[in-house]
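Peer 1: fold the following and give me the result.
(chains A and B)
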Amino acid sequence: GAVVSQHPSWVICKSGTSVKIECRSLDFQATTMFWYRQFPKQSLMLMATSNEGSKATYEQGVEKDKFLINHASLTLSTLTVTSAHPEDSSFYICSARDDRPYEQYFGPGTRLTVT
Amino acid sequence: GQSLEQPSEVTAVEGAIVQINCTYQTSGFYGLSWYQQHDGGAPTFLSYNALDGLEETGRFSSFLSRSDSYGYLLLQELQMKDSASYFCVRGGSTLGRLYFGRGTQLTVWP
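Peer 2: Numbers count the residues shown, from 1 in each chain, chains lettered A, B, ... in the order given. Alright, predicted model coming up:
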């Protein structure tokens, strides 16, 4: 089956610094990737749609200047949390789709803690 | 909007059958999916309904009624490993955007 990896799996950073999270599709090419965040015991909230070779599409209420997304190739998308604050602490999950729009393959997630 | 409603918790014993219901808002509807997520893990795809009716995949089945804006996930012959969160998910566009419900925490007791 399709495999999506994320790196790092967890990260702790100080308030005001930036953190980059990588999402890779390992055995297929993903023209579209998605970024979600999930707070404990809550649902996944779609943050943005990452399109290879073009600008990301952000969901309403998500600050595009704070959450920078780059989809540099068909197998790699990155999310950079800029000037992180404690309220940005969350579980960030990426996903990728192939030809079927209703099925996404999720990465294992990155747990970000901002101190 | 994209809101979906599903129960927050369900409990059952091994071997039993459980049905998790989901209702959704109809604007921009592109099908209903179900995902499973174990604690700390990644969501995994279970099933998808674009049209009315029942889809069966092993012990899991999913049903959709578009006229009622309603669907359900049916889990049969429950096993301890089925304890997880189950998300009702709607497609939001042909681009593949997915919008997750709040999730139903299923606990299976021996």
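Peer 1: in contact with the residue nearest the centre of chain A, which residues?
Peer 2: By Cα atoms, centre = their mean, chain A has its centre lying nearest to residue A:35, at 3.6 Å. By Cβ atoms under 8 Å, 6 or more residues apart in numbering or on different chains, the residues touching residue A:35 are A:23, A:46-48, A:50, A:67, A:69, A:77, A:79, A:92-94. C-betas here are computed from N, CA, C, even on glycine.
Peer 1: for it, give me the pLDDT.
Peer 2: As predicted, residue A:35 sits at a pLDDT of 96.
Peer 1: thinking again about what came up before, chain B next: which of the contacts of residue A:35 are close?
Peer 2: With Cβ under 8 Å from any Cβ of the partner chain as the criterion, those include A:46, A:93 near chain B.
Peer 1: Serialize the contacts of residue A:35 to TSV and add fields for pLDDT, neighbour count and secondary structure.
Peer 2: Below are those laid out as TSV (pLDDT from 0 to 100; neighbours: other Cβ atoms under 10 Å in any protein chain shown; DSSP: H, G, I helix; E, B strand; the rest coil):
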residue	pLDDT	neighbour count	secondary structure
A:23	96	28	strand
A:46	92	20	strand
A:47	95	23	strand
A:48	94	22	strand
A:50	89	27	strand
A:67	97	19	strand
A:69	94	25	strand
A:77	94	30	strand
A:79	97	25	strand
A:92	97	23	strand
A:93	97	26	strand
A:94	96	31	strand
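Peer 1: so can I have TSV of the contacts of residue A:35 showing distance to residue B:33?
Peer 2: TSV is the format used below for those (distance: Cβ to Cβ, whole Å):
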residue	distance to residue B:33
A:23	20
A:46	13
A:47	19
A:48	19
A:50	20
A:67	25
A:69	23
A:77	21
A:79	23
A:92	21
A:93	16
A:94	17
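Peer 1: which SSE is immediately downstream of the helix or strand bottoming out on mean pLDDT in chain B?
Peer 2: One helix or strand of chain B scores below all others by mean pLDDT, DSSP states H and E: strand B:98-100, with a mean of 88. Of the helices and strands lying after strand B:98-100 in sequence (DSSP states H and E), the nearest is strand B:104-109.
Peer 1: packing partners for that following strand?
Peer 2: strand B:9-13, strand B:18-24, strand B:84-91 (3 or more Cβ pairs under 8 Å, 6 or more residues apart in numbering or on different chains; DSSP states H and E).
Peer 1: ok, residues contacting the longest one?
Peer 2: By Cβ under 8 Å, 6+ apart, the residues outside strand B:84-91 that reach it are A:43-44, A:101-102, B:2, B:4, B:6, B:20, B:22, B:24, B:29-39, B:43, B:46, B:71, B:73, B:97-101, B:103-106.
Peer 1: do stretch A:56-64 as well
Peer 2: Under the criterion Cβ under 8 Å, 6+ apart, residues A:45-51, A:67, A:69, A:71 lie in contact with stretch A:56-64.
Peer 1: swap in stretch A:17-29?
Peer 2: A:2-8, A:11, A:13, A:33, A:35, A:74-84, A:92, A:94, A:96, A:98, A:105, A:107, A:110, A:112.
Peer 1: list buried residues within these.
Peer 2: A:2, A:4, A:6, A:11, A:13, A:33, A:35, A:74-79, A:81, A:84, A:92, A:94, A:96, A:98, A:105, A:107, A:110, A:112 (16 or more other Cβ atoms under 10 Å in any protein chain shown).
Peer 1: buried residues of stretch B:101-110, list them for me.
Peer 2: For stretch B:101-110, a neighbour-count test (16+ other Cβ under 10 Å) marks B:101-106, B:108 as buried.
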